[in-house]
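[1] Here is a sequence together with a model predicted from it:
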Amino acid sequence: MKAVGIIAEYNPFHNGHAYHIKKAKELTNADLAVVIMSGNFVQRGEPAILDKWERTKLALAAGADLVVELPVFYAVQPGHLFAAGAVQILQALGVKDLVFGSEHPEVDFLDLAKQAAAIESEGQFTDRTQTYASAYAQQLEEQTGFKMEDPNDILAFSYAKAVVASGQVMHLHPISRLQAGYHDQSFEEGQTIASASSIRLALHKGKFEKIRPVVSEQAFEALSTAPTALAFEKPFFELLRYRLLTDTVGQLGQVYQMAEGLEHRLAGVAAAVEGPQSYQSFIKSVKTKRYTFARIQRALLYTLLNIKVDQMQAAMADSYIRLLGFNDLGQAYLSEIKREATLPIISRVDMSLAKANLRLDYKAGQIWQVLAGQTHAKQGQDVGRKPIYQGQE
């Protein structure tokens, strides 16, 4: 069977995602679509609006055949590590084709990544007035003629670099985004496809009816009735401030990505007598030219989850394939490739596994439930959960 890979967050799942799945199968003539999806936290360090199980149901209903979790130690990372982790899992599943959105689908990202390897070996990036990312993009443009500035192009480039670094064959298929740009904050009446950013903004403002035309009926129902992390900022800030006030600066310094004195700045802002009183104002108070918003948000989540450097490094060196859901095609594909899979396949988690290999995802699931107001939920996010099976109707 031929599988096509998709890497996604689905935060939340919308009509553009359904189009992506359909187009991926058509473009590659694949028998099934394998989706690598972020778990309960997304790349910028925030909790997903719906948990990974609800989002898996929506993906399967829209044409995905197999959904696998991208573990938190890859999901909440800068683009190059996010991409490397997802590509590794796809390759471990024997997937040879990857379809993704791009602002410039005509670009050969694999060729660009190969050219970039030479730039990385030669580049010194000594201009201290620029961030590394800016200096890198400038040198890439000078040597290749391609200006790397659009978010989907940057992620596409990261996928290509991950493939080149792996030394394995994988065919990349960029496709154009429809109607909505990545950062669009609004959408017009009658529009059927909108950006996830604009949908999230509408949801945060309580404008649920506005999103109905741009999501499936099943997605609308889930967003309207299932537990969500829409109001996460208040509990997040309270938990975070507690940790920043009770941990020593030395303890904070052991947290993953807590470099360049960031721990001192976080602790100082948290302890200020008239300091910020909300999640957003806290981030603004910490923000400097040195620290991007995304980096700060990820650092705050690592702090909240108390993920140390050695824990993150150990987890990234011991990845796995965590099944979230499948239909008959997905199940058949798993049976076909399970002996050749190059990472362990996990279908059910018991407490011993939750405290070992999956300890970071287990912790993330517990915190997601707190942020979603589900502290007394009978069922957790991991222990005892089986992959969702969507049989033929």
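    Structure's in. What do you need?

[2] Just the helices from the stretch 101-250 of the chain, written as ranges.
    Ranges of helices in the stretch 101-250 of the chain, per DSSP state H, counting those that start in this stretch, are 109-122, 132-144, 151-166, 196-204, 217-225, 233-246, 249-252.

[3] Highest mean neighbour count across the ones you listed, which stretch is it?
    A comparison of the helices of the stretch 101-250 of the chain by mean neighbour count, using mean count of other C-beta atoms under 10 Å, puts helix 151-166 on top with a mean of 21. For glycine as for every other residue, the C-beta is placed from the backbone atoms N, C-alpha and C.

[4] what angle do that helix and helix 109-122 make?
    If you take axes from the mean of the first three to the mean of the last three C-alpha atoms, to 10 degrees, helix 151-166 sits at 70 degrees to helix 109-122.

[5] Helix 151-166 - contacts with which helices or strands?
    Here helix 151-166 touches helix 79-92, strand 97-102, helix 109-122, strand 171-176, going by 3 or more C-beta pairs under 8 Å, 6 or more residues apart in numbering; DSSP states H and E.

[6] Of all these, which one comes closest to residue 391?
    For residue 391, the closest of these is helix 79-92, at 24.7 Å, according to C-beta to C-beta.

[7] Including mean pLDDT and distance to residue 374, could the helices of the stretch 101-250 of the chain go into JSON lines?
    What follows is these, written out as JSON lines (pLDDT from 0 to 100; distance: least, C-beta to C-beta, whole Å):
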{"stretch": "helix 109-122", "mean pLDDT": "79", "distance to residue 374": "40"}
{"stretch": "helix 132-144", "mean pLDDT": "72", "distance to residue 374": "37"}
{"stretch": "helix 151-166", "mean pLDDT": "93", "distance to residue 374": "31"}
{"stretch": "helix 196-204", "mean pLDDT": "93", "distance to residue 374": "18"}
{"stretch": "helix 217-225", "mean pLDDT": "96", "distance to residue 374": "14"}
{"stretch": "helix 233-246", "mean pLDDT": "96", "distance to residue 374": "11"}
{"stretch": "helix 249-252", "mean pLDDT": "95", "distance to residue 374": "28"}
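
[8] How many neighbouring residues does the residue lying closest to residue 8 once chain neighbours are set aside have?
    Excluding the flanking residues, the one nearest residue 8 by C-beta to C-beta, 6 or more residues apart in numbering is residue 37, at 5.4 Å. A total of 25 residues lie near residue 37 under the criterion other C-beta atoms under 10 Å.

[9] in a helix, that's where residue 37 is, yeah?
    No: counting by DSSP: H, G, I helix; E, B strand; the rest coil, residue 37 falls outside a helix, being strand.

[10] For residue 97, which of the helices of the stretch 101-250 of the chain is the nearest?
    Closest approach to residue 97 among these is made by helix 151-166 (11.1 Å; C-beta to C-beta).

[11] ok, and what's touching that closest one?
    7, 79-80, 82-84, 86-88, 91, 98, 100-104, 107, 109-110, 112-114, 116-117, 148, 170, 172, 174, 177, 182-183 (C-beta atoms under 8 Å, 6 or more residues apart in numbering).

[12] For this protein, which residues score under the pLDDT cut-off?
    Scanning the chain for pLDDT under 70 picks out the ranges 119-135, 178-188, 392-393.

[13] how does it divide into domains?
    Domain ranges of the chain: 3-104+150-225, 233-312, per automatic domain parsing.

[14] Please name whichever of these is nearest to residue 342.
    Closest to residue 342 of the domains of the chain is domain 3-104+150-225 (C-beta to C-beta; 4.4 Å).
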